[in-house]
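>>> here is a sequence together with a model predicted from it:
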Amino acid sequence: MEKFINQFVLLWTVIDPIGTLPVFLAITKGLASGESRKIAFHSIIIASLTLIFFVVLGEFLLEAMKISLAAFQIAGGIVLFLFALTMIFGESKPESELQLIKKNHDKAIFPLAIPSIASPGAMMAVVLLTDNHRFSIPDQAITVGIMLFIMLITLFLLLIAAKIFKIIGQGGASLISRVMGLILASVAMSNILAGISAYFRIPVGL
């Protein structure tokens, strides 16, 4: 149970539903409620399919390139750690992604579905959490279920985004994003240490 709780925390952190709210509100500003709901549903579907793609084919691509699990754990941990640092010290997720908003393109895909919901960190995380050498098929199915559950929560939050944002505001969303970045940095460092341990065959706990 603890393992799945940890997976939920990791996936919640990299997907960051709260941090997505300002982006959603910005791209749906001035739109009818029906159109806003349509964008919310489309973005969740696209983001979910993108992450499932990485769950299914991510490891096959690694094996095709003959990249070891330990090497991928270390590299993935470093990428997640750098991603976390940008959340903590750089522009917060809402601030950086608001700058990506442009007119005359499908806003449900960019920047909402990618990279706001299905972020590079989320893509990396789902590959790490569904590795065939460490996790059984049932475990991987549970991980996908956890990811889809978070997507449903994200959808719900998008549908009531205006009400939530009135309470927490831009500053609140930025603060939450930075706290999530700190948690992600800890998880990323754990992955790096696990990869180093596996590569050099160092017993865990030493």
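Received, thanks.
>>> so where's this structure uncertain?
91-105, 204-206 (pLDDT under 70).
>>> now the helices for it?
2-15, 17-27, 33-64, 69-88, 93-98, 120-129, 137-159, 161-199 (DSSP state H).
>>> surely Ser43 meets Pro115?
No - using Cβ atoms under 8 Å, Ser43 and Pro115 do not qualify as a contacting pair, with a distance of 11.6 Å. The C-beta positions use only the backbone N, C-alpha and C, and glycine is treated the same way.
>>> who has more neighbours out of the two?
Ser43 (30 against 20; other Cβ atoms under 10 Å).
>>> list the contacts of that one.
Phe24, Ala108, Ile109, Leu112, Ala113, Ser116, Ile117, Leu158 (Cβ atoms under 8 Å, 6 or more residues apart in numbering).
>>> distance of it relative to Pro111?
Taking Cβ to Cβ, to the nearest Å as the measure, Ser43 falls 10 Å from Pro111.
>>> same thing with Val179?
From Val179 to Pro111 the distance is 22 Å (Cβ to Cβ).
>>> higher neighbour count, the two?
Pro111 (23 against 14).
>>> hang on, that one packs against Val23?
Yes - if you go by Cβ under 8 Å, Pro111 and Val23 touch, sitting 6.2 Å apart.
>>> isn't Ala70 up against Gly195?
Yes - Ala70 lies in contact with Gly195 (Cβ under 8 Å); the separation is 4.9 Å.
>>> so the two - more neighbours on which side?
Gly195 (22 against 16).
>>> spit out the contact partners of the more buried one.
Leu69, Ala70, Ala71, Phe72, Gln73, Ile74, Ala75, Gly76, Gly77.
>>> nearest to Glu35, of the residues you listed?
Gly76 (37.2 Å; Cβ to Cβ).
>>> ok, so what distance separates the closest one from Ile142?
Counting by Cβ to Cβ - Gly76 and Ile142 are separated by 20 Å.
>>> the more surrounded of these two?
Relative neighbour count places Gly76 above the other of Gly76 and Ile142, with 22 against 17, counting by other Cβ under 10 Å.
>>> go ahead and confirm that one touches Asp131.
No - using Cβ under 8 Å as the test, Gly76 is too far from Asp131 to be in contact (10.0 Å).
>>> next, give me the two most distant ones among the contacts of Ser43.
Across the contacts of Ser43 (Cβ to Cβ), the longest gap, 14.7 Å, separates Ile109 and Leu158.
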